[in-house]
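> Sequence first, then the predicted structure, then my questions.
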Amino acid sequence: MGLKSAHAHRRWVTGVAVLVALGASAEARELQLVPPGAEGWQYDALELPTLPSTDPLGRTVVLAASTAASSAGSAAGGRTPSWARAEGGDWQGPGAAPFVAIGPGMPCTGCGTPLGGRDDVRVAALKLRRRFDVPGLAGLRVLTLKVRYQDGIVVFLNGVQIAQRLLTANGPGDAGATAAHGPEWETIALPIVPWLLKDKDNVLALEVRPHEDRPLLLDLELLASDAPRILVGPFLLLVEPGRAVVSAETDLPATMEVRYGPAPGGTTLARLRTGPGKHHEFELTGLGEETYYRAAVLVGGRVVAETEDIQFHAPPKPGEPIRFAVYGDVRGGPAVHTQVVAGVAAFGADFFVTTGDMVARGHDEGDWQKTFQIITPLTRSVPMYPALGNHEWGAGAVAIPRYRELFAQPARSGDPYAVYYSFDVADLHFIFLDSNYYDSELQLAWLADDLAAAKKKKPRAIFAVAHHGPVSRGPHGGNEIALEKYVPLLQRYGVAAFYSGHDHTYERGSVGQMQYVVTGGAGAPLYRASCGRPGFKNCRDAAKAFAVEYNFVTVEVMHDFFKMCATRPDGSALEACVSFPLPGKRKVSKGRDKVASSGKVK
């Protein structure tokens, strides 16, 4: 069972989605060709001597020697080497995955085959190959490689290159990885063509090269199936009165269809279809406030599983109570993130927002796939609206187009570089800033226009979200441009609160009449305060609460006040809930606003 948002007071609309990849067989079939942790690998680890050097302070450091002298036969240069066809070579083995390069004296924890282990050498490259058979080859259409790596890889099947990640195409044979990859498994799919696979004696071969001085890591699983699968989603991009947008991605290009209507046995409202592609978005219109919709998720014309329906309630009306949750800075913390998502679901949010850094690297498909694996049970019921962090932005030329594809923000600004937008929920207005481009005059001008237009609608409240906040006790500190240029503008239009992350802490305070919250504790390593603890200067800010703990924040907006509750991932209160009057409304009861000198919430 998936997560279900706990709302007793909402009208539930349930949903929406028979997703069909047309033209596939009627019975699901998937074969595991190479399991994770498989034995029987031949391998060749290239070990090079390390060279002593000194840093600017005169301390001895260790640098790797160039791999140029040993690049013969490398796969990184764009040519298929003979070893990838199982021809020749001086190989070790058989070895078992995962293959892990370890340092001197380090235990081989969680690895099948340790590599290196000496202080005078490092593993500069790893070649692997393994034979396998394909029983029942006829009818298989999709080959799926699930791989866990921290490096650049090239993959060959029967001497044909089928994948390359983080290595420059047709680059020199001694090239290392162009960027680091995270520890999450990445799914790579490709169509099976008649000459690619054989019934017996296939050869899977890989070469792995490190990024700078990161240790090598490699494990994989190889599967074959008869139809495309849903890889990301389906999930809600947005929900508005009478309208919702659903998104999904398949592992290979497919034609998909959505059929939706009231259940049980009601008339189908519409059938929507996308052309062949991997990314699919559907706009569902004509949704009633109290109509119950039900459908199953299908791929290839068949139900892939008895999954939770896509369920969502009609959006609140102006003046009604509105609930939302806020969290950020997940990167590298899936266990904590899973708890946070469960907490948001239990709260019963109408929607949730993130303050950025949902992944460690915006170019890392494995990281995105893991993130959506965690949030999809919630985003089938509750739409998510994200702010762009510096880690999603990362390798901007690759990462930003992918981010825009995943999250088609409402009322997008149109800026070709920055990602900022706004939207309304009932009579609340939300602004999402791109803090990577705080120095953009385009963004500042857009914000002034957006606030002026929003104010004419007489909103109950306005809230702002960005990754880098104007104030923070964490090691990054507040962003000076945000404080000097953006905060005065936000205050002029009576913004109720500014939510941010970046520093991996919880912090709450005020800048003038505007509340601010730093919630950067959804999984990334926690930070300590840069002031107010032994050996550090005293804090000179307006913080009312600070804690070095994982957290998320829930917000309830009532007629004339809003209440914020900081919560640990296990559901316990990080501090007592606090309430604040909405701008222009009467004063309401206060919560506890004391902060201990140690930097912990009191």
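Yes, it's here.
> measure Glu392 to Gly233 for me?
Note on Glu392: its distance to Gly233, by Cβ to Cβ, to the nearest Å, is 18 Å. For glycine as for every other residue, the C-beta is placed from the backbone atoms N, C-alpha and C.
> Those two: who's more crowded?
Glu392 (30 against 25; other Cβ atoms under 10 Å).
> Helices along the stretch 451-600 of the chain, start to end?
For the stretch 451-600 of the chain, applying DSSP state H, counting those that start in this stretch gives helices covering 480-481, 487-492.
> looking at those, which is closest to Ile462?
Closest of the helices of the stretch 451-600 of the chain to Ile462 is helix 487-492, at 7.9 Å (criterion: Cβ to Cβ).
> Enumerate the positions of the closest one that are buried.
Buried residues in helix 487-492, counted by 16 or more other Cβ atoms under 10 Å: Val487, Leu490.
> switch to numbering from 45
I'll keep to 45 as the first residue from here, and by that count the last item is helix 531-536.
> Rounded mean pLDDT for it, please.
Per-residue pLDDT values across helix 531-536 average out to 96.
> just how off-centre is that helix within its chain?
31 Å (Cα atoms, centre = their mean, to the nearest Å).
> For that helix, which helices and strands make contact with it?
When contacts are defined as 3 or more Cβ pairs under 8 Å, 6 or more residues apart in numbering; DSSP states H and E, helix 531-536 packs onto helix 485-500, strand 558-563.
> rewinding a little: make CSV from the helices of the stretch 495-644 of the chain and add distance to Asp270 to it.
Converted to CSV, these look like this (distance: least, Cβ to Cβ, whole Å):
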stretch, distance to Asp270
helix 524-525, 54
helix 531-536, 54
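> Identify whichever of the helices and strands packed on helix 531-536 lies nearest to Ala141.
Among the helices and strands packed on helix 531-536, strand 558-563 comes nearest to Ala141, with 38.4 Å by Cβ to Cβ.
> show me where the stretch 295-444 of the chain has strands.
314-329, 342-343, 346-347, 354-357, 366-371, 395-398, 428-430 (DSSP state E, counting those that start in this stretch).
> Strand partners (parallel or antiparallel) of the fourth one?
For strand 354-357, the paired strands and their directions (DSSP bridges) are strand 56-59 (antiparallel).
> How about the first one?
Based on DSSP bridges, the strands next to strand 314-329 in the sheet, each with its direction, are strand 287-304 (antiparallel).
> mind listing what's buried in the partner strand?
Neighbour counts over strand 287-304 (16+ other Cβ under 10 Å) mark 288-296, 298-304 as buried.
> before we move on, back to that, can I get the strands of the stretch 295-444 of the chain in JSON lines including mean pLDDT?
Converted to JSON lines, the strands of the stretch 295-444 of the chain look like this (pLDDT from 0 to 100):
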{"stretch": "strand 314-329", "mean pLDDT": "77"}
{"stretch": "strand 342-343", "mean pLDDT": "51"}
{"stretch": "strand 346-347", "mean pLDDT": "49"}
{"stretch": "strand 354-357", "mean pLDDT": "73"}
{"stretch": "strand 366-371", "mean pLDDT": "97"}
{"stretch": "strand 395-398", "mean pLDDT": "96"}
{"stretch": "strand 428-430", "mean pLDDT": "94"}
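> And the ones you listed: which comes nearest Pro79?
strand 342-343 (23.6 Å).
> Can you show me the strands along the stretch 445-594 of the chain?
Secondary structure of the stretch 445-594 of the chain, counting by DSSP E, counting those that start in this stretch: strands at 465-469, 472-476, 505-509, 541-544, 550-555, 558-563, 587-591.
> Where does pLDDT dip in the stretch 395-544 of the chain?
Across the stretch 395-544 of the chain, the ranges flagged by pLDDT under 70 are 438-442, 453-458.
> How about Ala130: what's its closest non-neighbour residue?
Nearest non-adjacent residue to Ala130, counting by Cβ to Cβ, 6 or more residues apart in numbering: Val247, 4.6 Å away.
> tell me the mean pLDDT for the helix or strand containing that neighbour?
For Val247, the element it lies in under DSSP states H and E is strand 246-253. The average pLDDT for strand 246-253 rounds to 93.
> tell me which strands and helices it is in contact with?
Where contact means 3+ Cβ pairs under 8 Å, 6+ apart, strand 246-253 is packed against strand 165-176, strand 196-201, strand 261-269.
> If I take the longest one and strand 246-253, what angle do their directions form?
Just to be clear, that refers to strand 165-176. Interaxial angle of strand 165-176 relative to strand 246-253 (axes from the mean of the first three to the mean of the last three Cα atoms, to 10 degrees): 170 degrees.
> Dump the helix or strand just after strand 165-176 to PDB, restricted to CA.
Downstream of strand 165-176, the next assigned helix or strand under DSSP H and E is strand 186-193. Taking C-alpha atoms only, strand 186-193 is exported to PDB below (Å, rounded to 0.1, in the frame of the first residue of the first chain):
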ATOM      1  CA  VAL A 186      13.500  -4.000 -23.500                       C
ATOM      2  CA  LEU A 187      17.000  -4.500 -22.000                       C
ATOM      3  CA  THR A 188      17.400  -2.900 -18.600                       C
ATOM      4  CA  LEU A 189      20.700  -2.300 -16.900                       C
ATOM      5  CA  LYS A 190      20.600  -1.300 -13.200                       C
ATOM      6  CA  VAL A 191      24.000  -0.100 -12.200                       C
ATOM      7  CA  ARG A 192      25.500   1.300  -9.000                       C
ATOM      8  CA  TYR A 193      28.700   3.300  -9.600                       C
END
